[in-house]
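Asker: have a look; sequence and predicted model below, questions after that.
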Amino acid sequence: MLRRLRIENLVLIREAELELAPGLNAITGETGAGKTILAQAIGLLLGAKGDASYIGVGAGEAYVEAELDAPDGMLDEEGFEALAELRPDGEEGLVLARRVFADGRTRAYAWGRSVAREDLAAAAERLIAMSGQFEQRRLGRPAYQLDVLDAFCGEEQARRRRDSRVAWRELAAARRRHDEITRDAAAAAARLEELAALAAAAEGLEPDTEESFRAERERLRHVTELAAAAETAAEALAPDDGEGAAGLAAVAERAVAPLERIAPELERAGNELRDAELRLRETASGLRAFLASLEAEPGRLEEVEAGLDRIADAKRRFNCASYEELLARAAEARGELEAIEAGHDPARAAAEELAAAEAKTARLAAELRAARTEALGPFQAAVAEELRGVGMGEGEFVAELRERDPGPSGADEASFLIRPNPGLPFAPVADTASGGELSRVALAIAAVGGGETMVFDEIDAGIGGETANAVGRTLERLGTRAQVVTITHLPQIASLAASHFRVEKVPGDPTHTRIDRLAEADRREELQRMLGGREFLSSVQ
């Protein structure tokens, strides 16, 4: 779902923010008010080329941003790796944006961070379907057609698709492991040598060893200052010659002790002085013990430096980004070596793992194909009925299923063919219509298969009367399964919307466009305008 669309300085729109609702959203307004600027904004998110003419008068740049709900696992799919790396922790939605600069250059963003325009477009196309040039491209993709057929199959098919994606990732990993282990005997021997070297490099290292070494090195590097401070403090407290702080405390205690019987209130002072002398002498003793420990390990700094060098060399040699990764890989190496010593055959285990992964993907592909084959007839009939309803001739529609090389979505390729007029041959849906007709074909298919947010800019081109009413009802029905945004001049369509926006041109210097979400009273007024206005309606009555 497209939750929010923000536009700044795009052609006539200075600033607009649309909070779009689930279901059917209608955008209306007078001809020339700027409704198609919304289509341009979404087109930028879908990867359309931008240029300086997009920037509003007096502005330095134009900006479009969309907040979208992304389905679970979308960024784990192949092709979205770049976006997945940028996703902030805990972020479930997707924030895509495009900026157009005064020299015609553009920049794409995801969550405010720069991305390639192609990555932005791929994500947007996955979530938003738009009429026009984007629709022709989308309808012509076999992957999209397969997605629609699978959506018609239902939630169980969606589960199979998810399982198949996971199985293909597991199969790729199994193939890599098998290739690594079985490439040749020399490689196998080298791998064993590598495992042994990795295990040896981490021998004796504990989770906190590196941190302890670093802390100890820092201390040892300052041993001179530490020794001087400890010696000075010990001498001040209890010197070999003279009183010191402890001796002075003893002098004070001896002065008051004989008088405690005469003045009992001096007892507390005497006790505190005796305690102070004891503590000061203990502290001095502790400082001298610390000083002795520093003097007892003159070569310790070299040992610590050697330990840290060993860790750094091991991380570099085995290409580990962190100490934790080094320990983890060493543990895996030790486990594999122990398994080999216990009689485990890595080559046989890799072959068995690969065979199991291949069998799993083949089983899921067969299940996917069976569900698609069973759904073909009902799907064709449902789309044909929708096509007739939106005024597309006899609505002759065929969905074909062909075998292809196996992949994450199975081993099938779908193809949608249409014959809008009797006597003509069936042809791919993307090649048989244009403009408003193509939008109605897309609407008929989506009404059966559901899918992403759908944006229609030309769906009402050249229609009216009963056909307009039928298209409106189909849009309303699609709105119960997917979010729909339609830019329309037909009241038959706008009257069915769950959310209604009006685009108005505001005179000024410069003239600009305003977009408002309509309350019920304003909506009735807008529908009345679309029907011809009060005078026209009165004359009709």
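Answerer: Received it, and whenever you're ready, just let me know what you need. Since we're looking at a predicted model, the values are computed, not measured. Numbers count the residues shown, from 1 in each chain.
Asker: how far does the longest helix anywhere in the chain sit from its chain's centre?
Answerer: When the chain is scanned for its longest helix (criterion: DSSP state H), the result is helix 346-389. Relative to its parent chain, helix 346-389 has a centroid offset of 27 Å by CA atoms, centre = their mean, to the nearest Å.
Asker: packing partners for that helix?
Answerer: In terms of contacts (3 or more CB pairs under 8 Å, 6 or more residues apart in numbering; DSSP states H and E), helix 346-389 is packed against helix 142-153, helix 155-182, helix 323-341, strand 396-407, strand 410-419, helix 435-449, helix 465-478. From N, CA and C alone the C-beta is placed, and that goes for glycine too.
Asker: pick the most deeply packed of these.
Answerer: Neighbour counts (mean count of other CB atoms under 10 Å) averaged over each of these peak at helix 435-449, with a mean of 24.
Asker: rounded mean pLDDT for that helix, please.
Answerer: In this model, helix 435-449 has a mean pLDDT of 78.
Asker: and the angle for it with helix 465-478?
Answerer: Compare the direction of helix 435-449 with that of helix 465-478 by axes from the mean of the first three to the mean of the last three CA atoms, to 10 degrees and you get 40 degrees.
Asker: just want the phi and psi numbers for residue 78.
Answerer: phi -60, psi 140 (degrees, to the nearest 10).
Asker: which residues does stretch 30-37 contact?
Answerer: Defining contact as CB atoms under 8 Å, 6 or more residues apart in numbering, one finds that stretch 30-37 is touched by 7, 10-13, 27-29, 457, 487, 489, 503-505, 513.
Asker: ok, residue 85 to residue 487 distance?
Answerer: The gap separating residue 85 from residue 487 is 35 Å, by CB to CB, to the nearest Å.
Asker: sorry, slip of the keys, the one I care about is residue 191.
Answerer: Distance from residue 191 to residue 487, by CB to CB: 61 Å.
Asker: more crowded one of the two?
Answerer: For residue 191 and residue 487, the more surrounded residue by other CB atoms under 10 Å is residue 487, and the numbers stand at 25 against 16.
Asker: so who does that one touch?
Answerer: Applying CB under 8 Å, 6+ apart, the residues near residue 487 are 27, 28, 35, 36, 38, 39, 455, 456, 457.
Asker: switch to 10 Å and redo it
Answerer: The contact partners of residue 487, by CB atoms under 10 Å, 6 or more residues apart in numbering, come to 25-29, 35-39, 42, 131, 455-460, 493, 501, 503.
Asker: may I have the phi/psi pair for residue 422?
Answerer: Per degrees, to the nearest 10, the backbone of residue 422 is at phi -60, psi 140.
Asker: tell me, how many residues neighbour it?
Answerer: 8.
Asker: contacts only, for the spatially closest residue to it that is not a sequence neighbour.
Answerer: Of all residues not flanking residue 422 in the chain, residue 394 sits nearest, at 6.1 Å (CB to CB, 6 or more residues apart in numbering). With contact set as CB under 10 Å, 6+ apart, residue 394 has these partners: 384, 387, 388, 419, 420, 421, 422.
Asker: same deal with residue 445?
Answerer: When contacts are counted by CB under 10 Å, 6+ apart, residue 445 touches 139, 144-145, 148-149, 152, 379, 382-383, 386-387, 397, 399, 416, 418, 429, 451.
Asker: quickly note the distance from it to residue 28.
Answerer: As judged by CB to CB, residue 445 and residue 28 stand 25 Å apart.
Asker: ok, now residue 124?
Answerer: Using CB to CB, we find residue 124 at a distance of 24 Å from residue 28.
Asker: for residue 9, same thing?
Answerer: Distance of residue 9 to residue 28, given as CB to CB: 23 Å.
Asker: what about the two, which has more around it?
Answerer: Ranked by neighbour count (other CB under 10 Å), residue 9 and residue 28 place residue 28 first, with 25 against 21.
Asker: helix/strand/coil for the more buried one?
Answerer: Following DSSP: H, G, I helix; E, B strand; the rest coil, residue 28 is assigned to strand.
Asker: report the beta-bridge partner residues of it.
Answerer: residue 502 (DSSP bridges).
Asker: I figured it hits residue 488, correct?
Answerer: Yes. At 6.2 Å, residue 28 counts as touching residue 488 under the criterion of CB atoms under 10 Å.
Asker: hang on, the earlier thing: of the contacts of stretch 30-37, which belong to strands?
Answerer: Judged by DSSP state E, strands contain the following of the contacts of stretch 30-37: 7, 10, 13, 27, 28, 29, 487, 503, 504, 505, 513.
Asker: count the neighbours of the last one for me.
Answerer: Spelled out, that is residue 513. Neighbours of residue 513 using other CB under 10 Å come to 23.
Asker: tell me the pLDDT at the residue nearest to it when sequence neighbours are not counted?
Answerer: Spatial nearest neighbour of residue 513, excluding adjacent residues (CB to CB, 6+ apart): residue 34 at 3.6 Å. On the pLDDT scale, residue 34 is placed at 77.
Asker: phi first, then psi, for residue 34.
Answerer: According to degrees, to the nearest 10, residue 34 has phi 120, psi 20.
Asker: how many neighbours does it have?
Answerer: 23.
Asker: for it, give its distance to residue 41.
Answerer: Using CB to CB, residue 34 is found at 11 Å from residue 41.
Asker: list residues touching both of those two?
Answerer: Shared contacts of residue 34 and residue 41, defined by CB under 10 Å, 6+ apart, comprise 10, 11, 13, 16.
Asker: ok, the nearest residue to residue 128 once chain neighbours are set aside - contacts?
Answerer: Nearest residue to residue 128 in three dimensions, chain neighbours excluded: residue 453, at 4.9 Å (CB to CB, 6+ apart). For residue 453, the residues meeting the contact criterion (CB under 10 Å, 6+ apart) are 1-3, 20, 22, 25, 42, 66, 68-69, 124, 127-130, 482-485.
Asker: what about those, which are in helices?
Answerer: Going by DSSP H, the helices hold 42, 124, 127 from the contacts of residue 453.
Asker: can you lay out these as JSON lines showing distance to residue 267?
Answerer: JSON lines is the format used below for the ones in helices among the contacts of residue 453 (distance: CB to CB, whole Å):
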{"residue": "42", "distance to residue 267": "89"}
{"residue": "124", "distance to residue 267": "85"}
{"residue": "127", "distance to residue 267": "83"}
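Asker: ok, and the most crowded of those?
Answerer: Among those, residue 124 has more neighbours than the rest - 26 neighbours, counting by other CB under 10 Å.
Asker: distance of the closest residue in space to residue 101 that isn't next to it in sequence from residue 510?
Answerer: Of all residues not flanking residue 101 in the chain, residue 61 sits nearest, at 5.2 Å (CB to CB, 6+ apart). Note on residue 61: its distance to residue 510, by CB to CB, is 16 Å.
Asker: which residue of the two possesses the greater neighbour count?
Answerer: Counted by other CB under 10 Å, residue 61 and residue 510 do not tie: residue 61 has more neighbours, with 19 against 11.
Asker: backbone dihedrals for the more buried one, please?
Answerer: The phi and psi torsions at residue 61 (degrees, to the nearest 10) take the values phi -160, psi 160.
Asker: confidence score at residue 538?
Answerer: pLDDT, read off for residue 538, is 50.
Asker: err, residue 188, not the other one
Answerer: 63.
Asker: and for residue 16, the neighbour number?
Answerer: 21.
Asker: what's opposite it in the beta bridge?
Answerer: Here residue 16, judged by DSSP bridges, has bridge partners residue 7.
Asker: contacting residues for it?
Answerer: Each residue near residue 16 by CB under 10 Å, 6+ apart is listed here: 5-8, 10, 34, 37-38, 41, 501, 503, 512-516.
Asker: could you flag which of these are buried?
Answerer: 5-8, 10, 34, 37-38, 41, 501, 503, 512-515 (16 or more other CB atoms under 10 Å).
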